[in-house]
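Chemist: could you work out the structure for the sequence below:
(chains A and B)
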Amino acid sequence: MVCESWKAKLDTYLDGELPAEEMRTFDAHVRGCVSCAADALTRVQMKRAIQVTGKRFTPSAEFRKRIQQSIAPKPQRSFRLTWILAAAAVVLVAAALTTTYMATRSARNQVSRDEVSRNQASRNQVFSEIADLHVATLASASPVDVVSTDRHTVKPWFQGKIPFAFNLPELENTQFSLVGGRMAYLDQTPGAHLIYDVRKHHISVFIFQERALPPSLSAKSTSAKSALGADDNSLASTDLPFNMETWNQGGLRYFVIGDASSADIDGLARLLKAAS
Amino acid sequence: MPHFERLYNFACWLTQDRLEAEDLVQETYAKALKGFSSFQPGTNFRAWIYKILRNTFLTSRTGLKATATVPLDPEDEEEILPSVSETPESILLQRSDGQLLEQAMEQLPVAYREVLLLCEVEEMSYQEIAATLAIPIGTVMSRLSRARKALRDDLRVRLQKR
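Modeler: Okay, here's the model as predicted:
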């Protein structure tokens, strides 16, 4: 009966949630009290039994794959499939139009419009992959492989890992800070992924070789600003409310993306442009 | 995919149906991805994603049914002292009857089942559980205590029946 007050706290003690001082007192008590020690033992065994019983469901490989596909950056195959579908849609639309409407003129207009929308779809696909890379990285337990705020540490880390070199801006007296970097792959091309912070927002900067990327990107003039999700062809992930800026400079394609304000994205883009 | 297997296991315990659990996990990841900007870096990611899963469950048909039929525990009630006179644990463990425990856990009201799983299976701290369930730590402790008592009582009844 003396132990009543101890026993009331036994579970909290075994969960390791008593204040440190009380934990120590409890330790000492359990060592000396047979009744409490026996109770503690059975409860620990019960905790273990619940733990074992509680871990009884494992997901099927099929389900794992399905989830992976729904959240991972889109694989190359689906990229190609989108092209085929887009091309098929183009053919169907063109055929329907030619047979029903004013044959020659309408058809000619459609072809050029298709060309534009195909470029647009491909560009959106790339933007979508960039957005996915950005989100997947931030969700990762270790978002960066080289952790440093020093550009002179981060930049050399990429030596021998990517087939090009780039310059990073000096950030002193700016609101931006460098978090670190990691490798990124877009369209099976290696590139650099840098993460910057601005007022608790994370911004990703991706740098790839322009010639390794789909030509649709360079078809558009530099500094294309995109509010993702504006296009009907875009995939679900492009609905993410990110601001993004992309441009080509010295044969390199830059993407700056994040949920920071467009002014911040633009600010970082300017610094990068000035440094290159 | 962070916490995938654990989330799935937790979803199975909540829904008690594998297909429903798959839908729940899928919806959770979709919501997490979509609302990632609402996640504040530096805060607990695990609590955040479990919270999404749980909220999604609670608004599902099964979730609404499960919570509607069970009156929630009176949180401000006096702490119930755990019974010490009998220990169904020891009898259970002697018999090493895992099936009995499984049934008892399945029969627990959702509010008890989830808090017990987060503590014992997910090994979350009270703080993390409080963040996941959006309740104060004091409530975590009292609910956990009631859940354990309910499990013990249920086990005792089941053992007597055998």
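
Chemist: what does B:Q16 show for phi and psi?
Modeler: phi 60, psi 30 (degrees, to the nearest 10).

Chemist: that one and B:E102, how far apart?
Modeler: 11 Å (Cβ to Cβ, to the nearest Å). The C-beta positions use only the backbone N, C-alpha and C, and glycine is treated the same way.

Chemist: do the same with A:Q188
Modeler: 47 Å.

Chemist: now do the helices in chain B.
Modeler: Assigned by DSSP state H, chain B shows helices spanning B:4-15, B:18-34, B:45-58, B:61-68, B:88-95, B:98-107, B:110-116, B:126-133, B:137-161.

Chemist: worst average pLDDT in those helices?
Modeler: Mean pLDDT values for those show the minimum at helix B:88-95, a mean of 62.

Chemist: picking up where we left off before, so for A:Q188 and B:E102, which sits in the more crowded spot?
Modeler: For A:Q188 versus B:E102, the count of surrounding residues by other Cβ atoms under 10 Å in any protein chain shown is larger for B:E102: 16 against 7.

Chemist: what's the next secondary structure element after the helix or strand containing A:V91?
Modeler: A:V91 belongs to helix A:76-100 when assigned by DSSP states H and E. Per DSSP H and E, the first helix or strand lying C-terminal to helix A:76-100 is helix A:103-139.

Chemist: can you list the helices and strands that the following helix or strand past that following helix packs against?
Modeler: Per DSSP H and E, the first helix or strand lying C-terminal to helix A:103-139 is strand A:146-147. Judged by 3 or more Cβ pairs under 8 Å, 6 or more residues apart in numbering or on different chains; DSSP states H and E, the packing partners of strand A:146-147 are helix A:151-157, strand A:177-186.

Chemist: state the mean pLDDT of the first one.
Modeler: Spelled out, that is helix A:151-157. 85.

Chemist: flag every buried residue along it.
Modeler: Residues A:R151, A:V154, A:K155, A:W157 are the ones in helix A:151-157 that count as buried (16 or more other Cβ atoms under 10 Å in any protein chain shown).

Chemist: make CSV out of the helices and strands packed on strand A:146-147 and add distance to chain B.
Modeler: Shown next, in CSV, are the helices and strands packed on strand A:146-147 (distance: least, Cβ to the nearest Cβ, whole Å):
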stretch, distance to chain B
helix A:151-157, 19
strand A:177-186, 10
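
Chemist: export these as TSV, with columns for distance to B:Y29.
Modeler: Shown next, in TSV, are the helices and strands packed on strand A:146-147 (distance: least, Cβ to Cβ, whole Å):
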stretch	distance to B:Y29
helix A:151-157	31
strand A:177-186	22
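
Chemist: what residue ranges in the stretch 51-200 of chain A are flagged as low confidence?
Modeler: A:72-83, A:92, A:94-111 (pLDDT under 70).

Chemist: for chain B, what are the nearby residues on it?
Modeler: By Cβ under 8 Å from any Cβ of the partner chain, the residues of the stretch 51-200 of chain A that approach chain B are A:51-59, A:63-64, A:66-68, A:70-71, A:135, A:138-141, A:200.

Chemist: among those, the buried ones, what's the PyMOL command?
Modeler: Per 16+ other Cβ under 10 Å, the buried members of these correspond to this PyMOL selection:
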select buried, chain A and resi 53+54+55+59+63+67+71+135+138+139
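
Chemist: among the residues of the stretch 51-200 of chain A next to chain B, name the ones in helices.
Modeler: Using DSSP H, those in helices are A:51-54, A:63-64, A:66-68, A:70-71, A:135, A:138-139.

Chemist: just give me the closest of the residues you listed to chain B.
Modeler: A:G54 (3.6 Å; Cβ to the nearest Cβ).

Chemist: mind listing what the most centrally placed residue in chain B touches?
Modeler: In chain B, the residue lying closest to the centroid (Cα atoms, centre = their mean) is B:E114, at 0.8 Å. Applying Cβ atoms under 8 Å, 6 or more residues apart in numbering or on different chains to B:E114 gives the contacts B:F10, B:W13, B:L14, B:R54, B:L133.

Chemist: repeat the analysis, applying 7 Å as the threshold.
Modeler: B:L14, B:R54 (Cβ atoms under 7 Å, 6 or more residues apart in numbering or on different chains).

Chemist: quick one, what contacts B:T62?
Modeler: B:T15, B:E20.

Chemist: distance of it from chain A?
Modeler: Distance of B:T62 to chain A, computed by Cβ to the nearest Cβ, to the nearest Å: 16 Å.

Chemist: could you report the pLDDT at B:P74?
Modeler: pLDDT, read off for B:P74, is 56.

Chemist: burial of the closest residue to chain B within the stretch 151-276 of chain A, as a residue count?
Modeler: Nearest residue of the stretch 151-276 of chain A to chain B: A:D259, at 4.3 Å (Cβ to the nearest Cβ). By other Cβ under 10 Å, 19 other residues sit near A:D259.
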